[in-house]
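Q: Give me the fold of what follows.
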Amino acid sequence: MPPFPALGPSRPWLTLALAPLLILASPAFAAEETDAPKGASVTVLKAAKACFGDIVEVTGMVIAREETAVRPERQGLKVSEILAEAGDTVTAGQTLARLTLPEGGTQVVQAPVAGLIAASSAVIGAIASGKGEPLFSIIARNEFDLVGLVPTQSIARVAVNQTARIRIVGAGEVDGKVRRIAPTIEPNSQLGQVFIGISGKRLLLNSSGRALIKTGQSCNVAVPLTAILYGSAGTVVQVVRRGRIETRGVDVGLMSGGQVEITRGLQEGDVVVARAGALLREGDPVQAVTASAAK
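A: Numbers count the residues shown, from 1 in each chain. So this is what the prediction gives:
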């Protein structure tokens, strides 16, 4: 039997035959195979703990907490001088008007309490009555209430002295505190009345307002609202685990600032798809990209 031919330049066909095997075995090709993308890229974030305020919303109207009517002590007096008008802030004992007595002489009308004059009917030369329309109406101590309505299912969470942040039309935001809760529910609407006290702020009567009453706080795992899917299977989030999509059923709690409290189904540190979508299904391979890296 003839010996095997020696390898050398005279055998180029052998070198060409071995070339594909050498490429496959090279480290560069192996790294390229390992780094090759597997599945779609998805933006993810880690579920983190956050605290949510339990908020009850109240919409209502501004009224005077206590309004004091100012009248003369006797009948038949004529208004001779007016020293205060509606909109003025007065002190207790301040002279508001002077009246002329039928027999001559004058009588002064003083503010019985400090506060804001809400209305005045005083007119020079008019007869003042001790029983008719008051000369002045004073909002005692400049104290107001926002009287609003709350659904029955929420009113049980409201309690006296809870703080509230109130936005009044034309007056901006003010702080308030729950002062009183009506003992009955309106039968047709099934709404209850809540009185939220406001002090130290000049307000317009009958202005509309919206109050957010903080009734408590809950701390739990949170994710963005965009990470939640609602469907026939219930409420779910999509978690990336070992490079694949895993669908988790969850229970949601409170919401605030685009974040949703998760009371069951997630743990702190779970890698969650930031924008869940119906195109991603259970077991799909994906490449996770953190939210900060995606920006």
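
Q: Is L146 within a helix or a strand, and which one?
A: Taking DSSP states H and E as the definition, L146 sits inside strand 143-151.

Q: Run me through the strand neighbours of that strand, direction for each.
A: strand 48-64 (antiparallel), strand 191-199 (antiparallel) (DSSP bridges).

Q: Show residues contacting stretch 249-267.
A: 47, 50, 52-55, 218, 220-228, 233-237, 239, 248, 272 (C-beta atoms under 8 Å, 6 or more residues apart in numbering). (C-beta placed from N, C-alpha, C; glycine too.)

Q: Could you list the low-pLDDT ranges of the chain?
A: Where the chain drops to pLDDT under 70, the residues are 1-37, 292-295.

Q: domains for it, by residue range?
A: 40-52+219-294, 55-63+142-217, 67-140 (automatic domain parsing).

Q: and T163, what is it in contact with?
A: D175, G176, K177, I213, K214.

Q: beta partners for it?
A: K177.

Q: distance of it from V236?
A: Separation of T163 from V236 (C-beta to C-beta, to the nearest Å): 36 Å.

Q: And P285, by the same measure?
A: 19 Å.

Q: higher neighbour count, the two?
A: Per other C-beta atoms under 10 Å, whichever of P285 and V236 has more neighbours is V236, with 18 against 13.

Q: Now name the helix or strand holding the more buried one.
A: Using DSSP H and E, V236 falls in strand 234-241.

Q: Any buried residues in that strand, and which?
A: T235, V236, V237, Q238, V239, V240 (16 or more other C-beta atoms under 10 Å).

Q: For it, which helices and strands make contact with it?
A: Packing partners of strand 234-241 (3 or more C-beta pairs under 8 Å, 6 or more residues apart in numbering; DSSP states H and E): strand 228-231, strand 244-249, strand 271-273.

Q: which of these sits most buried?
A: Compared across the helices and strands packed on strand 234-241, strand 271-273 shows the largest average neighbour count, a mean of 22 (mean count of other C-beta atoms under 10 Å).

Q: Contacts for that one, please.
A: 42-47, 223, 227, 237-241, 245, 266, 280, 288.

Q: what's the nearest residue to V108 if we skip its chain neighbours?
A: T95 (5.0 Å; C-beta to C-beta, 6 or more residues apart in numbering).
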